[in-house]
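Undergrad: the sequence isn't on hand, but the structure is:
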């Protein structure tokens, strides 16, 4: 909720523009079907719903986050001899924070796309190149996390060794079956730990690629230096011409009506931002 209350001038979420586009498309869709409405929901209700959804997702990923933090600490101690590997591990742990800074306009976008530095006539990057850079960095962080996944899982498996060492320092006796259960519990939980590590990564990758597709961004925009918008669209926003409905064939007519309804719903639920001038 605190993030949603921040002004769009500081935090680039695109929520206001997306809500305006969705509201206009919904009004057009309802008027076409003879329904009068000012909109499906107010902006306050929409923000509240998004806040509740984010809270639920955050609650679900709280324990996996603690698990990854523990594995990171153990992997850092296990790889203390290799400074190069330790650098990548720390970079992997801090990468989500740096990615979040890219959506703060005064911190990242203002300096790279608006401000003109000394001995320069234009900003460092265009808005298209900056948007493509954010998506590329997300994919790069996902690949880095996947590459470092064996080290984190090995750090989790080292818990078995630590349990044996703790058992040696404890007073009293323990049967072989109880000791085997303690060690086997670590390996039985291995699949859950791997899922807790992979699931947030795949979710972030999915949302990043969806953001690229719905925003009509292109990988080639990363090398855009003049701000020229390409005429070729990866996902055309225009609707396809409708096939005339037949009078005799009722099956074909029903199929065309369903196709028309699905196309209208796609136009309502899809946001295509206007290209920069």
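TA: Yes, it's here. What you see is a predicted model; the values in this text were computed from it and never measured.

Undergrad: for the residue positioned nearest the centre of the chain, grab phi and psi.
TA: Nearest residue to the geometric centre of the chain (CA atoms, centre = their mean): residue 204, 3.3 Å. Note on residue 204: its backbone torsions stand at phi -60, psi -40 [degrees, to the nearest 10].

Undergrad: I figured it hits residue 139, correct?
TA: No - applying CB atoms under 8 Å, one finds residue 204 not in contact with residue 139, separated by 9.6 Å. Every residue, glycine included, has its C-beta placed from N, CA and C.

Undergrad: show me what contacts residue 108?
TA: By CB atoms under 8 Å, 6 or more residues apart in numbering, residue 108 lies in contact with 101, 102, 130.

Undergrad: let's go with 10 Å and repeat that
TA: By CB atoms under 10 Å, 6 or more residues apart in numbering, the contact set of residue 108 is 12, 98, 100, 101, 102, 130, 133, 134.

Undergrad: now the buried members of the residues you listed.
TA: Neighbour-count burial (16 or more other CB atoms under 10 Å) applied to those gives 12, 102, 130, 133, 134.

Undergrad: possible to save those as TSV with secondary structure and pLDDT?
TA: Shown next, in TSV, are those (DSSP: H, G, I helix; E, B strand; the rest coil; pLDDT from 0 to 100):
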residue	secondary structure	pLDDT
12	coil	80
102	coil	87
130	helix	88
133	helix	89
134	helix	90
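
Undergrad: pull the most distant pair out of those.
TA: For the buried ones among the contacts of residue 108, the farthest-apart pair by CB to CB is 12 and 133; their separation is 13.4 Å.

Undergrad: distance of the nearest residue to residue 16 once chain neighbours are set aside from residue 214?
TA: In this structure, residue 16 finds its nearest non-sequential neighbour in residue 8, 5.3 Å apart by CB to CB, 6 or more residues apart in numbering. To residue 214, residue 8 is 18 Å away according to CB to CB, to the nearest Å.

Undergrad: who's more crowded, the two?
TA: Each of residue 8 and residue 214 has its neighbours counted (other CB atoms under 10 Å); residue 214 has more, 15 against 12.

Undergrad: I figured that one was touching residue 18, is that so?
TA: Yes - with contacts counted by CB atoms under 10 Å, residue 214 reaches residue 18, the gap being 9.4 Å.

Undergrad: so where's the stretch 151-277 of the chain shaky on pLDDT?
TA: Along the stretch 151-277 of the chain, the model assigns pLDDT under 70 to residues 171, 224-277.

Undergrad: spit out the contact partners of residue 106.
TA: Neighbouring residues of residue 106 by CB under 10 Å, 6+ apart: 9, 10, 11, 114.

Undergrad: name the nearest of these relative to residue 163.
TA: Nearest member of the contacts of residue 106 to residue 163, counting by CB to CB, is residue 11, at 44.6 Å.

Undergrad: flag every buried residue along stretch 132-149.
TA: Residues 132, 133, 134, 135, 138, 141, 142, 144, 145, 148, 149 are the ones in stretch 132-149 that count as buried (16+ other CB under 10 Å).

Undergrad: so how far is residue 98 from residue 57?
TA: Separation of residue 57 from residue 98 (CB to CB): 21 Å.

Undergrad: surely the residue nearest to residue 16 is within a helix?
TA: No - Residue 8 is assigned coil when assessed by DSSP: H, G, I helix; E, B strand; the rest coil, not a helix.

Undergrad: change the start of the numbering to 43 and stick with it
TA: Got it, the first residue is 43 from now on, which makes the last one we talked about residue 50.

Undergrad: which ones are touching it?
TA: Counting by CB under 10 Å, 6+ apart, residue 50 makes contact with 56, 57, 58, 59, 147.

Undergrad: mind putting the residues you listed in CSV, secondary structure, distance to residue 162 and pLDDT included?
TA: Converted to CSV, these look like this (DSSP: H, G, I helix; E, B strand; the rest coil; distance: CB to CB, whole Å; pLDDT from 0 to 100):
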residue, secondary structure, distance to residue 162, pLDDT
56, coil, 28, 76
57, helix, 33, 78
58, helix, 31, 77
59, helix, 29, 78
147, helix, 20, 83
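
Undergrad: domain ranges for this protein?
TA: For the chain, automatic domain parsing gives the domain ranges 43-102, 113-277, 281-314.

Undergrad: the stretch 143-292 of the chain: helices as residue ranges?
TA: In the stretch 143-292 of the chain, the helices defined using DSSP state H, counting those that start in this stretch lie at 169-189, 191-211, 218-230, 232-256, 292-311.
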